[in-house]
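# Okay, structure incoming, though there's no sequence with it:
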Ligand SMILES: C[S@@+](CC[C@H](N)C(=O)[O-])C[C@H]1O[C@@H](n2cnc3c(N)ncnc32)[C@H](O)[C@@H]1O
């Protein structure tokens, strides 16, 4: 694992780590604020509205740098596009798709940060020349598996939990069988979550 450990146990054990997260982007600043100003465990009451406004995962500069190394990219299930927005601000070439737009009743996202086009995993057939970016693909859903079935590119950048509540068992099986892990980075986690950034490269075809 490259970079410092930013998982929730490390953050709660060493609160000075929060100071290192300030000033990178608005979501991280909010994350630091709720941890420093709201007594445990009430800070967790802020999580639902923040994930709906920003993203289900917390981007750091180091995480964005790592994702950027695999450009050009295509993101599926981008929600309001917060990660894509931050990557575009850095000049990264990234397309973003979701089947649903942010709105006040949307469980996943309520704020549009950048252009996200209408699209489902089938559209990935058009983008074998781009790395696939998945950030918190939905659980109990075939979405992430369908991404791997439709997309023929080389690198998958995955931000999520491993075999817990993002993606599906079928997705993780397919990723492990067809790809090898080439990069891994700790990102800040909300308490009780186990998300991280991993990068996978397609294994050469057998024979
Ligand atoms: C947990 S949210 C993550 C959103 C965003 N990546 C983030 O981190 O905030 C999962 C997203 O996947 C989208 N989604 C679910 N099934 C989909 C499908 N079949 N095709 C495209 N998007 C889908 C949802 O609309 C939702 O925006």
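In hand now; what should we look at? Please read all numbers here as calculations on a predicted model, not as lab measurements. Residues are numbered from 1 along each chain as shown.
# Show me which helix runs longest in the chain.
helix 26-37 (DSSP state H).
# Centre of the chain to that helix, how far?
18 Å (C-alpha atoms, centre = their mean, to the nearest Å).
# The spatially most central residue of the chain bridge partners, please.
Central residue of the chain (C-alpha atoms, centre = their mean): residue 135, 2.7 Å from the mean position. Beta-bridge partners for residue 135, by DSSP bridges, are residue 159.
# My guess is it contacts residue 167. True?
No - the criterion here is C-beta atoms under 8 Å, and residue 135 misses it with residue 167 at 10.9 Å. For every residue, glycine as well, the C-beta is placed using N, CA and C.
# any idea of the mean pLDDT for whichever helix or strand comes after the longest helix of the chain?
The element immediately downstream of helix 26-37 (helix or strand, assigned by DSSP states H and E) is helix 47-53. Per-residue pLDDT over helix 47-53 has a mean of 97.
# Okay, buried residues for helix 47-53 please.
47, 50-53 (16 or more other C-beta atoms under 10 Å).
# same thing with stretch 30-38?
30-32, 34-35.
# What is the nearest of the residues you listed to residue 146?
residue 31 (31.0 Å; C-beta to C-beta).
# Run through the residues that contact that closest one.
Residue 31 makes contact with 21, 50, 58, 188, 190, according to C-beta atoms under 8 Å, 6 or more residues apart in numbering.
# so where's this protein uncertain?
1, 207 (pLDDT under 70).
# what does it put close to the ligand?
55-57, 76-79, 98-100, 108-109, 120-121, 135-136, 138, 141, 143 (C-beta under 6 Å from any ligand atom).
# Can you flag which of the residues you listed belong to strands?
76, 98, 135 (DSSP state E).
# residue boundaries of the helices in this protein?
8-13, 26-37, 47-53, 61-68, 82-89, 143-150, 169-178.
# can you state the direction angle for the longest one and helix 61-68?
For the pair helix 26-37 and helix 61-68, the angle between their directions (axes from the mean of the first three to the mean of the last three C-alpha atoms, to 10 degrees) equals 150 degrees.
# Is residue 132 in contact with residue 154, as I believe?
No - using C-beta under 8 Å, residue 132 makes no contact with residue 154, being 9.2 Å away.
# When the two are compared, which one has more neighbours?
residue 132 (26 against 15; other C-beta atoms under 10 Å).
# what's that one in contact with, if anything?
By C-beta under 8 Å, 6+ apart, the neighbours of residue 132 are 73-74, 76, 124, 147, 151, 153, 155-157.
# Swap in 10 Å and give it another go.
Contacts for residue 132 (C-beta atoms under 10 Å, 6 or more residues apart in numbering) come out as 70, 73-76, 121, 124, 144, 147-148, 150-158, 200.
# now the end-to-end length of stretch 191-200.
26 Å (C-alpha to C-alpha, to the nearest Å).
# Same check on stretch 31-44?
Stretch 31-44 end-to-end distance (C-alpha to C-alpha) = 10 Å.
# So what's the gap between that stretch and the chain middle?
On C-alpha atoms, centre = their mean, the centre of stretch 31-44 falls 22 Å from the chain's centre.
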